[in-house]
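How does the following fold in three dimensions:
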Amino acid sequence: MTIKSAGDLMIALDRYPHIPYWFTIRQAIAELERASFTVAGRGSLPRVVLVFNESYQLLGLVRRRDLLGGLDPASVLDELQPRRMFGIGKRPPADQAAAIVNALGDRSQRPISDVMRSIGAAVDVGAPLLEVARIMATGDASLVPVTREGQVVGVVRTVEVLHEIATLLECI
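I've put the predicted structure just below:
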């Protein structure tokens, strides 16, 4: 039985969504919407976009919920006062739909750097499975960048780590 390393489990950077820091929230959303890949024979969608600088150094990441927060839907609702007009849980009238789309469109032009999060830790391609799992567990990270000679070459997600642990424990 062999214990895999981060390099064995990673999704290569060229297959994972990543953008420059000057992209907008809208461009990051588009990148996530286009991204999908197959890992171990299973289709998967990313939950995170990596953010790089001009020198291809990793600056941070943006999660789906960071993108939603950057659109600031609460203030859109407050500005348009739809709760008073039609109540929570109901759809806005057709004339309000265009105003909502316009407001979201305006907010989607914010730079991604406004909502980006810093990276807690990265691992070398040779890092063993349990080191990756430890970083994820202690750092509350669902994704860990994988480096080779200081350059990011891929990412390992919790789904791959847990799948490998399940395989070791013969759960599957």
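
For burial, what's the neighbour tally of residue 105?
When neighbours are counted by other CB atoms under 10 Å, residue 105 registers 11. Glycine gets a C-beta too; all of them are placed from N, C-alpha and C.

for it, helix, strand, or coil?
Following DSSP: H, G, I helix; E, B strand; the rest coil, we place residue 105 in the helix state.

So for residue 98, what's the pLDDT?
We have a pLDDT of 83 for residue 98.

quick one: it from residue 106, how far?
Counting by CB to CB, to the nearest Å, the separation of residue 98 from residue 106 is 13 Å.

Show the contacting residues for residue 44.
36, 37, 38, 159 (CB atoms under 8 Å, 6 or more residues apart in numbering).

next one: residue 64
With contact set as CB under 8 Å, 6+ apart, residue 64 has these partners: 32, 47, 48.

Residue 52 now?
Contact analysis of residue 52 by CB under 8 Å, 6+ apart lists 18, 19, 20, 21, 58, 59, 152.

Need the phi and psi values for it.
When read as degrees, to the nearest 10, the backbone of residue 52 gives phi -120, psi 160.

can you pull the pLDDT of it?
pLDDT for residue 52: 97.

Give me the distance between it and residue 113.
11 Å.

Residue 98 too?
Taking CB to CB, one finds residue 98 at 29 Å from residue 113.

Specify the local secondary structure of residue 29.
Residue 29 - assigned by three-state DSSP - is helix.

in what helix or strand does the closest residue to it other than its chain neighbours lie?
Distance criterion CB to CB, 6 or more residues apart in numbering; nearest residue to residue 29, sequence neighbours excluded, is residue 67 at 5.7 Å. Here residue 67 sits within helix 64-71, counting by DSSP states H and E.
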